[in-house]
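K.L.:
predicted model and sequence below, questions to follow.
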Amino acid sequence: MRSYLLAPLALLASACGDPLFFAQVQDPRVCVQVANETIPAAPAGVAGSVTWQGQFDLGSQIPGLDQSGTTGTVSMLSFEVQSTTDMSGISEVMVDLPSVASGHYIDYTQAPPVQDPNSILMTPTQNANLLPALTDGGLLPYSITFTGSPPTVDWQADLTVCVSVSVEVNFLKVNH
């Protein structure tokens with residue numbers, strides 16, 4: 001069960017005497033899933049790569065992310081790919097967040113033997129605040145590349161991103 005500290009407060013600013021209205025949102029773990037994404041097939045018989053692009057709608061799960069008056073930190077904890085298709089031929093996964101960081105935000109190597117051929121759980125190799133990329137609607141675009149011997153048929157995957165959130169929304173700075 002998720003609980004947010006949504007505390008609209010009227011505080012007197014000691015310097016100017018104007019009231020400040022804000023809400024705080026804090027959650028150590030919020031997960032958002034994009035279910036049943038169709039990942040394209042890799043060419044049969046050769047090692048290669050397959051790239052998929054999409055976006056996570058974090059704004060629908062975390063209040064205030066789509067507001068211009070929001071400050072604070074949103075940090076990625078994990079990115080998971082789950083499928084009923086055997087993914088054991090995938091040797092490397094690279095996740096790019098073009099609006100957040102240059103280079104691969106996650107660069108993951110799957111070491112043999114594969115423990116679970118239907119799940120790849122990754123953690124970021126870069127540490128960046130995702131919030132600046134989310135203030136335009138709360139959407140987090142991503143590109144994910146599977147390298148090695150990805151499945152040679154189109155396959156379905158559930159993609160889940162988990163983040164920690166500590167933000168404050170100043171309602172006097174929100175664009176209406």
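P.N.:
Sure, I can see it.
K.L.:
what's in contact with whatever helix or strand Val93 lives in?
P.N.:
Secondary structure from DSSP states H and E places Val93 in strand 90-96. For strand 90-96, contacts defined as CB atoms under 8 Å, 6 or more residues apart in numbering pick out 79, 81, 103-110, 120, 122, 142-150. Quick note: C-beta positions are derived from backbone N, CA and C, even for glycine.
K.L.:
for stretch 62-75, which positions count as buried?
P.N.:
Neighbour-count burial for stretch 62-75, counted by 16 or more other CB atoms under 10 Å, picks out Ile62, Pro63, Gly64, Leu65, Asp66, Gln67, Gly69, Thr70, Gly72, Val74.
K.L.:
how far away from the center of its chain is it?
P.N.:
Taking CA atoms, centre = their mean, to the nearest Å, one finds the center of stretch 62-75 at 14 Å from the center of the full chain.
K.L.:
using CSV, write out every CA atom in it.
P.N.:
What follows is stretch 62-75, C-alpha atoms only, in CSV (Å, rounded to 0.1, in the frame of the first residue of the first chain):
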residue,chain,number,x,y,z
ILE,A,62,3.2,10.0,-8.7
PRO,A,63,1.3,13.3,-8.0
GLY,A,64,3.0,16.5,-9.0
LEU,A,65,5.5,15.2,-11.5
ASP,A,66,3.8,17.0,-14.3
GLN,A,67,3.8,20.3,-12.6
SER,A,68,6.3,23.1,-13.2
GLY,A,69,6.5,24.0,-9.5
THR,A,70,7.9,20.7,-8.5
THR,A,71,11.3,20.3,-7.0
GLY,A,72,13.2,17.4,-5.4
THR,A,73,14.5,14.0,-6.5
VAL,A,74,13.2,11.0,-8.4
SER,A,75,15.8,8.2,-8.5
